[in-house]
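Q: What follows is a protein structure lacking sequence information:
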């Protein structure tokens with residue numbers, strides 16, 4: 001009986017863990033002209049209170065070395081064509097300021113870039129997700145001027161394409 005209960009608890013835990021997902025956020029250039037996007041990410045900072053254990057302190061220090069949420073963990077930055085063909089950007093094709101947590105890249109017509117991810121149960125733009133979003137500000141420099149989004153308004157500009165994909169289409 002004890003073995004059955006343990007097995008059931010394991011199965012329920014596995015089921016609950018499998019119900020979470022990562023949501024991706026993309027910017028797509030649907031216009032006929034190139035656009036430049038600038039993304040400011042949240043900075044990773046150790047909590048002010050002391051770590052409860054030396055192991056936790058080491059994890060905090062390792063995390064802080066990445067400097068910025070999302071972009072600080074990327075080994076490569078890539079852009080894709082709307083059809084799906086992707087390419088890794090060379091270092092001279094974008095600007096990344098690790099101290100300011102800012103990424104700037106130009107998108108040609110028909111190109112897209114993933115700018116953020118959110119774990120684990122994002123269901124749409126609600127105030128409760130604003131503090132979890134790893135982007136603080138998104139600027140789109142276009143031939144017609146500058147579009148600037150931040151805070152909760154930033155979350156609201158992304159439109160749901162499917163359960164795990166939200167897209168900002170500039171046209």
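A: Looks like it arrived, so ask away. What you see is a predicted model, and the numbers here were worked out from it, not measured in a lab. Numbers count the residues shown, from 1 in each chain.

Q: Is residue 114 in a helix, a strand, or coil?
A: Following DSSP: H, G, I helix; E, B strand; the rest coil, residue 114 is assigned to strand.

Q: any idea where the helices of this protein begin and end?
A: Residue ranges of the helices in the chain, as given by DSSP state H, are 2-18, 54-65, 127-130, 151-157.

Q: what residue is smack in the middle of the protein?
A: In the chain, the residue lying closest to the centroid (CA atoms, centre = their mean) is residue 116, at 1.5 Å.

Q: Not counting sequence-adjacent ones, nearest residue to that one?
A: Nearest residue to residue 116, sequence neighbours excluded (CB to CB, 6 or more residues apart in numbering): residue 25, at 4.2 Å. C-beta: built from backbone N, CA, C; applies to glycine.

Q: I'd like to know how many residues surround that neighbour.
A: 25 (other CB atoms under 10 Å).

Q: Quick one: residues contacting it.
A: 114, 115, 116, 117, 118, 135, 158, 166, 167, 168 (CB atoms under 8 Å, 6 or more residues apart in numbering).

Q: Residue 168 too?
A: 25, 26, 27, 28, 138, 157, 158, 159.

Q: Ok, residue 31 next?
A: Counting by CB under 8 Å, 6+ apart, residue 31 has contacts 109, 142, 170, 171.
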